[in-house]
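Sequence plus predicted model, see below.
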Amino acid sequence: HACGVAGDCEAGARGAPESAGLCRAGACVAVGPWTHVFDTASRPWLLPGVVKYAEDSAPRKVLDRVMSKARLADPAKRPTFDAMLAEVERHI
């Protein structure tokens with residue numbers, strides 16, 4: 001999940017903030033399902049790859065909006081994986 005050391009992730013990837021040791025109120029935030037949501041929106045071969053090859057701008061806008069929510073720094077503000085997929089299904 002972490003992409004902080006040179007050469008440890010593919011080009012264009014970002015690791016979730018909590019994967020690098022994000023701490024709040026004196027405790028480290030655990031890696032969990034919200035981390036996978038971030039990864040799905042940040043790995044170039046997942047949602048960004050779909051956006052890259054989308055031929056229609058409407059689905060691309062939906063995916064961009066979903067990815068923006070999934071990449072929020074605060075894990076508690078990210079959608080669940082199910083909610084993220086449901087939003088995509090509602091609009092595409």
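Okay, I see it. In this text, all values refer to a predicted model and were calculated from it rather than measured experimentally.

can you tell me which residue is nearest the centre of the chain?
F38 (2.4 Å; Cα atoms, centre = their mean).

how about it, what does it touch?
A16, P17, A70, R71, P75, R78 (Cβ atoms under 8 Å, 6 or more residues apart in numbering). Where C-beta positions appear, they are placed from N, C-alpha and C, glycine not excepted.

Also K61?
Counting by Cβ under 8 Å, 6+ apart, K61 has no contacts.

Distance-wise, check it relative to D39.
22 Å (Cβ to Cβ, to the nearest Å).

Could you save the contacts of F38 as TSV and add columns showing secondary structure?
As requested, the contacts of F38 are arranged in TSV below (DSSP: H, G, I helix; E, B strand; the rest coil):
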residue	secondary structure
A16	coil
P17	helix
A70	helix
R71	coil
P75	helix
R78	coil
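
Among those, which one lies nearest to V50?
Nearest to V50 among those, counting by Cβ to Cβ, is A70 at 12.9 Å.

just to revisit the earlier point, can you count the residues close to the residue lying closest to the residue nearest to the centre of the chain once chain neighbours are set aside?
Nearest non-adjacent residue to F38, counting by Cβ to Cβ, 6 or more residues apart in numbering: A16, 3.8 Å away. Here the number of neighbours of A16 (other Cβ atoms under 10 Å) works out to 26.
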